[in-house]
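Colleague: just a sequence and a predicted model for now, questions to come.
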Amino acid sequence: MGARLLEGGPIADRIKAELKPRIAALAATKPPRLVALLAGDNPGAKYYAKSQQKDCEELGIGYELQELDAEITQDDMLGVIAGLNGCPTTTGIILLVPVPKHLDARALQAAIAPEKDVDGVNPANLGRVVQGDRTLAPCTAQAAVTMVEEAGIEVKGAEIVMVGHSEIVGKPTALLLLEQLATVTVCHIGTRDTAAHCRAADVAIVATGVPGLVKPDWIKPGALVVDVGINRVKGEDGKTKMVGDVDPGAAEVAGILTPVPGGVGAVTAALLMKNTVAAAELQA
Ligand code: NAD
């Protein structure tokens with residue numbers, strides 16, 4: 001392996017350590033308290049709830065998981081969100097996704113009060129990203145940008161390719177890097193030659209949900225590769241394992257690579273805690 005691995009764990013630990021004095025300062029005015037809404041029992045959503053709870057406990061942030069019936073109507077969900085928006089002791093609200101098919105996640109996320117939207121998915125917070133404001137930006141986009149910064153890359157002027165254009169990862173990541181004067185190319189399912197764009201990039205950030213999409217010969221030698229993908233696949237031994245969107249062989253070509261697991265995911269989780277604290281500060 002040629003590439004240096006940029007692990008997320010130590011970065012996440014530092015982010016969480018920096019939050020401790022901020023949480024202590026909020027104790028007398030607006031102690032942060034996060035409410036997570038889980039409609040149904042999607043295993044992925046439940047897994048995230050568990051890890052959120054653990055992070056909150058570690059930092060002394062209040063956490064409540066509201067488990068709602070899988071059959072709950074959109075109106076009833078909106079009612080729950082309206083109640084939490086008006087609740088003075090709830091400082092953060094997160095909708096765990098995916099939600100059951102009959103629910104409109106986007107409309108529910110839009111109903112969360114922007115100052116309590118710790119996931120950064122409300123149109124008001126996404127709009128602030130366009131203005132370069134990272135305060136309540138989507139956690140995964142912040143995590144991808146953090147990895148680029150932590151790698152010691154000069155962002156200004158860098159040729160960066162963002163593979164994936166989703167609302168919570170690709171688009172906000174591209175905008176946050178644009179704000180730092182990177183030259184950002186966004187590739188997506190309609191791009192004719194994603195490989196060619198990747199080969200020209202000093203930094204490739206990949207968030208597609210396609211295991212191993214980005215091949216070693218797509219990578220510019222020495223480039224930074226940030227693998228955002230989290231895919232659960234069956235290994236040759238029949239056991240389920242977690243893999244990224246970048247072929248492991250990329251480690252032979254890249255200069256720096258974020259591992260999966262143990263890379264962007266850990267930083268995303270820590271940044272959810274940071275957003276939770278920032279939201280409480282906005283309300284204090
Ligand atoms: P999404 O399904 O919303 O978007 C996928 C994007 O990939 C789209 O923009 C699509 O155009 C693009 N795409 C798909 N196939 C492509 C191809 N062949 N070539 C080029 N582009 C292609 O996914 P998402 O929510 O952005 O998540 C992407 C990945 O990131 C998933 O693996 C997800 O599990 C992971 N994820 C990780 C974290 C984390 O903390 N590390 C957080 C959120 C999502």
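Modeller: Received the coordinates, thanks. The model shown is predicted, which means the values in this text are computed figures rather than measured ones.
Colleague: touching the ligand at all, the strand or helix carrying L177?
Modeller: Using DSSP states H and E, L177 falls within helix 170-179. Yes: shown here: helix 170-179 in contact with the ligand (C-beta under 6 Å from any ligand atom) through G170. Placement of C-beta: from N, CA and C, glycine included.
Colleague: so whichever helix or strand comes after that helix versus helix 170-179, what angle?
Modeller: Using DSSP H and E, the helix or strand that follows helix 170-179 in sequence is strand 183-187. Following axes from the mean of the first three to the mean of the last three C-alpha atoms, to 10 degrees, one obtains 170 degrees for the angle between strand 183-187 and helix 170-179.
Colleague: partner strands of strand 183-187 and their direction?
Modeller: Strand 183-187 has the following sheet partners, assigned by DSSP bridges: strand 159-163 (parallel).
Colleague: helix, strand or coil for E7?
Modeller: Following DSSP: H, G, I helix; E, B strand; the rest coil, we place E7 in the coil state.
Colleague: residue contacts, the closest residue to it other than its chain neighbours?
Modeller: Counting by C-beta to C-beta, 6 or more residues apart in numbering, E7 lies nearest to G262, which is 5.7 Å off, once chain neighbours are set aside. Contacts for G262 were tallied using C-beta atoms under 8 Å, 6 or more residues apart in numbering; they are E7, G8, G9.
Colleague: now, of these, which are buried?
Modeller: In these, burial by neighbour count holds for G8, counting by 16 or more other C-beta atoms under 10 Å.
Colleague: return the closest of the contacts of G262 with respect to N85.
Modeller: For the contacts of G262, the residue nearest N85 by C-beta to C-beta is G8; the value is 32.0 Å.
Colleague: show me which residues of the stretch 51-200 of the chain sit near the ligand.
Modeller: Contact residues (C-beta under 6 Å from any ligand atom) of the stretch 51-200 of the chain with the ligand: 140, 143, 163-166, 168-170, 187-189, 191, 194.
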